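Visitor: just coords:
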């Protein structure tokens, strides 16, 4: 296995190597598409389980809508078609014949879902509809990166329908809260919950909420979005309900989603020069046991103990015994470090004679000698500590790279060069023109206006015009 | 809610009504596509969980390959392209431009997967690869039915690679065994495991194994297939490995899949004139609790007890409390019977005074008065009994509709008319010509040659030519 490029030298090369050498994903024969390998898919399954549980706890049910959408559906919502039509893959032939109307592969499912909600919603008694689907979607992107931006990606998309504006807005915030909790409690990633500007919001939304995380190269990554859609889709697809007084009202809507891009966030949020560092709750293997022996006799004894240990650990953790005979322990150490396994147990004949093992932490690199007896409890406690440590490290890194910027000169300096800029808290005059100008000049975009943003009078960092609050600028993925 | 058509009058209408009124699925705006509603999707999730667990127990890991396949890939395996190309949906445009090479939406993923296995397999040490994926696929069918045959459907497809023919054949049988166990132990459906004839096998397989079930109208339904692919795809995509002696060998392959069609099998395998009868292990709600009251005072008391009962049951079963105020208990009874919930608990003030409830079984229609105390245990035992009863009923029905047919006259009689034929065990001369002739004349096809089929000399029911064994004929979905 070739060594990894140092992330401080070439972050992008390092990222691709972690994905490819760690066998998380591979390039597909179709440009911009990706093959998710077992290790990467196992992370996605753990993410799905956690999120799906949270969706169900908040009253949502899963459904499945078709992959193919009549092209005319997209046209019905003006902003939506403008945003998505250029990114669509179009099916023109089926069963050997040209289709009367071309079909697009869903880039997102608002249109086909709201076309159906018209049939499912008659009365206020039918509301709310709290549905989610796990699906693949496709957007014809020009510049792609494994996990971060691929033509096809896997995601979940929630689509809810409500009787009132208030309920829909509450739902939008509730689901952003779920995403934030997931980022913090499962991914060990601190995020800033906020509001997208008009230029950055979802095509068809009234308001887009998001969580923004900082990656190891100090770029921002949007890790989840929750959209308040107002009555835009209800009006486009004529979805009304009879209210309690007998009148007809248009329905209010939300949609929200996260995708396999979160695996990219996990890699870049925690990775180091040795590779991935997985937070334990999302690690396919939380503990890898590496037996160490030289002679055949030692092998027998050590493997026997290793199997017993794996059995005793496997009720409290996901454990992998690496009993390969074809590679040496040092190779295994490197490989599992690259793949981010939180804990490694080393067992040699000398350790066994003393009734102990070596426990090595991937996050801090520390090694401890520990008695075999009671190891399971220690492993559980250590995993919690690893989660906390990863979160604190990521938070400290983010805080150290978050700057209050008051002059255009400093803004230019901090956004100069190829790397990330960190989060720049700066005043902005609130216009799309200035936002576009700053983006053009620095590649930095407004990641969000934080929720509960402190109000503080100031002047726009670019135009000097008055501003009431700072927003978060960054160069982003 | 309109009443159901009696299945003995119009089975097909009954089936559609159960799907639509039971809110399992709905028609999509694209011809032949389907929307899976929460209740139907919940059944699919339970199927997925059970199957996924069985796949993992047998050493398989999940992966994800792209939706889009270059058209040229299909061409590489002669039989495969002949079978699937006519059914493909073709993407000709992406991102507003015409593509240089059209892409097909996967009808199945052998080609893109074996194109990748070429890179992943170098040495015997890389084998076996035991991978599965959960995905959507699309086949441009002309005649469609909700769940049974839709353009797009959800499925899992296992794709394994082996060093030897023997291992690959063993895998093919192992996975058929998994499907058989799933059909029996989860779906409560008896199935015949067998081998498909050359005409009916998968396009590109050396041999296709299948499980065949009998539906309530005495038609057969193929409920799962497991293909031994020989070296066909390895040769088409040039996938070789270095063996222990240093030579190069082509890899051996299998693939196997089941789909959302199984939900159709569940409906038609157990349904009756009142609707669906779900086997408890796949029932989204295993118990529905219906409170019965007239006055507001009664309502308070009954609902309080109902909540307590639901709490006490919910650790051992999936329980739904139907506390809707808008419909009467009788309506609820009908609705949950239509939707196939295995057990219903009725609680009224008189029952409560006696510390008892009514427990009604969907499968047999029997009602018992039972003490509230210890109800959970009784519910668990009853669910096991319902599973057994459904299985035994389905088996008895199948046995009663399986016939040894020795004359062409009887064969014609039993296949006459629009309905199903039952399973006809008849001799066949082993030629594709006779098979095609019988299909043309009677619409009956050879469902399978049962595994471990008793060898018994006889003469072909159609041509009188010698035959060594009976095969299973039936009209099928």
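Guide: Looks like it came in fine. Since we're looking at a predicted model, the values are computed, not measured.

Visitor: what comes up buried for stretch A:468-477?
Guide: The neighbour-count check on stretch A:468-477 (16 or more other C-beta atoms under 10 Å in any protein chain shown) flags A:469-477 as buried. In this view, the C-beta of every residue, glycine as well, is placed from N, C-alpha and C.

Visitor: does the residue lying farthest from the centre of chain A count as helix, strand or coil?
Guide: Distance from the C-alpha centroid of chain A peaks at residue A:297, with 47.2 Å (C-alpha atoms, centre = their mean). For residue A:297, the secondary structure call by DSSP: H, G, I helix; E, B strand; the rest coil comes out as helix.

Visitor: quick one: which of the buried residues of stretch A:468-477 is nearest chain B?
Guide: Chain B has its nearest neighbour among the buried residues of stretch A:468-477 in residue A:477, at 19.9 Å by C-beta to the nearest C-beta.

Visitor: ok, the buried residues of stretch A:468-477 vs residue A:425, which is closest?
Guide: Comparing those against residue A:425 with C-beta to C-beta picks out residue A:470 as the nearest, at 4.4 Å.

Visitor: thinking that closest one is in contact with residue A:453, fair?
Guide: Yes. Because the distance of 7.3 Å satisfies C-beta atoms under 8 Å, residue A:470 is recorded as touching residue A:453.

Visitor: what's the closest non-adjacent residue to residue A:448?
Guide: Once its chain neighbours are removed from consideration, residue A:448 has its nearest residue in residue A:194; the separation is 2.7 Å (C-beta to C-beta, 6 or more residues apart in numbering or on different chains).

Visitor: the helix or strand that the one you found is a member of pairs with which strands?
Guide: In this structure, residue A:194 is located in strand A:192-195 according to DSSP states H and E. Strands adjacent to strand A:192-195 in the sheet, as given by DSSP bridges, are strand A:207-214 (antiparallel), strand A:445-450 (antiparallel).

Visitor: so what's the closest residue to residue A:226 other than its chain neighbours up against?
Guide: Closest residue to residue A:226 in three dimensions, ignoring its sequence neighbours and counting by C-beta to C-beta, 6+ apart: residue A:256, at 3.9 Å. If you count contacts by C-beta atoms under 8 Å, 6 or more residues apart in numbering or on different chains, residue A:256 has them with A:157-158, A:172, A:175-176, A:179, A:224-227.

Visitor: now distance to residue A:114 too, for those residues, in CSV please.
Guide: Below are those laid out as CSV (distance: C-beta to C-beta, whole Å):
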residue, distance to residue A:114
A:157, 12
A:158, 13
A:172, 16
A:175, 18
A:176, 21
A:179, 22
A:224, 22
A:225, 18
A:226, 17
A:227, 13
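
Visitor: restricted to helices, list these.
Guide: Judged by DSSP state H, the contacts of residue A:256 include A:172, A:175-176, A:179 as members of helices.

Visitor: for these, which two are the farthest from each other?
Guide: A:172 and A:179 (11.1 Å).

Visitor: within range of chain B, give me the residues from the stretch 51-200 of chain A.
Guide: By C-beta under 8 Å from any C-beta of the partner chain, the part of the stretch 51-200 of chain A that sits against chain B consists of A:61-70, A:73, A:86-96, A:102-103, A:105, A:112, A:115-116, A:119, A:125, A:131, A:135-136, A:138, A:140, A:142, A:151-152, A:154.

Visitor: please redo it, this time with the cut-off set to 7 Å
Guide: Along the stretch 51-200 of chain A, the residues adjacent to chain B under the rule C-beta under 7 Å from any C-beta of the partner chain are A:61-68, A:70, A:86-87, A:89-96, A:103, A:112, A:115-116, A:125, A:131, A:136, A:138, A:140, A:152, A:154.

Visitor: ok, the stretch 201-350 of chain A next?
Guide: For the stretch 201-350 of chain A, the contact set with chain B under C-beta under 7 Å from any C-beta comprises residue A:326.

Visitor: just the strands in the stretch 201-350 of chain A please.
Guide: A:207-214, A:220-230, A:240-242, A:248-250, A:252-259, A:287-291, A:319-321, A:343-347 (DSSP state E, counting those that start in this stretch).

Visitor: redo those as TSV? Include mean pLDDT.
Guide: Putting the strands of the stretch 201-350 of chain A into TSV (pLDDT from 0 to 100) gives the following:
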stretch	mean pLDDT
strand A:207-214	98
strand A:220-230	98
strand A:240-242	98
strand A:248-250	97
strand A:252-259	98
strand A:287-291	98
strand A:319-321	98
strand A:343-347	97
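
Visitor: how about those, which one is nearest residue B:40?
Guide: It's strand A:252-259; of the strands of the stretch 201-350 of chain A, that one is closest to residue B:40 (C-beta to C-beta) at 21.6 Å.

Visitor: partner strands of that closest one, parallel or antiparallel?
Guide: Next to strand A:252-259 in the sheet, as set by DSSP bridges, lie strand A:152-162 (antiparallel), strand A:220-230 (antiparallel).

Visitor: okay, now the unreliable bits of chain A?
Guide: Regions of chain A meeting the criterion pLDDT under 70 cover residues A:1-2.

Visitor: in it, which spans are helices?
Guide: For chain A, the helices identified by DSSP H occupy A:11-21, A:38-57, A:71-75, A:78-84, A:110-120, A:165-185, A:232-236, A:261-270, A:296-313, A:329-338, A:349-353, A:375-400, A:408-415, A:432-442, in order along the chain.

Visitor: which of the ones you listed is buried the deepest?
Guide: For those, average neighbour numbers computed from mean count of other C-beta atoms under 10 Å in any protein chain shown are highest in helix A:261-270, which has a mean of 25.

Visitor: OK, contacts around residue A:293?
Guide: Residues in contact with residue A:293 (C-beta atoms under 7 Å, 6 or more residues apart in numbering or on different chains) are A:299, A:302, A:348-349.

Visitor: from the residues you listed, which two are the most distant?
Guide: Pairwise distances among the contacts of residue A:293 were taken by C-beta to C-beta; the largest, 11.0 Å, belongs to A:299 and A:348.

Visitor: rewinding a little: adding distance to chain B, write the buried residues of stretch A:468-477 out as CSV.
Guide: Converted to CSV, the buried residues of stretch A:468-477 look like this (distance: C-beta to the nearest C-beta, whole Å):
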residue, distance to chain B
A:469, 37
A:470, 37
A:471, 31
A:472, 30
A:473, 29
A:474, 27
A:475, 24
A:476, 22
A:477, 20
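
Visitor: that older thread, out of the ones in helices among the contacts of residue A:256, which comes closest to residue A:310?
Guide: residue A:179 (34.8 Å).

Visitor: gap between the nearest residue to residue A:253 once chain neighbours are set aside and residue A:171?
Guide: For residue A:253, ignoring the flanking residues on the chain, the nearest one in space by C-beta to C-beta, 6+ apart is residue A:229 at 3.9 Å. For residue A:229, the distance to residue A:171 (C-beta to C-beta, to the nearest Å) stands at 11 Å.

Visitor: can you list residues touching both of those two?
Guide: Overlap between the contact sets of residue A:229 and residue A:171, as judged by C-beta under 7 Å, 6+ apart, is given by residue A:254.

Visitor: related to what we said a few turns ago, export the strands of the stretch 201-350 of chain A to TSV and append columns for distance to residue A:5.
Guide: Listed next are the strands of the stretch 201-350 of chain A as TSV, based on distance: least, C-beta to C-beta, whole Å:
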stretch	distance to residue A:5
strand A:207-214	21
strand A:220-230	20
strand A:240-242	57
strand A:248-250	54
strand A:252-259	26
strand A:287-291	24
strand A:319-321	26
strand A:343-347	23
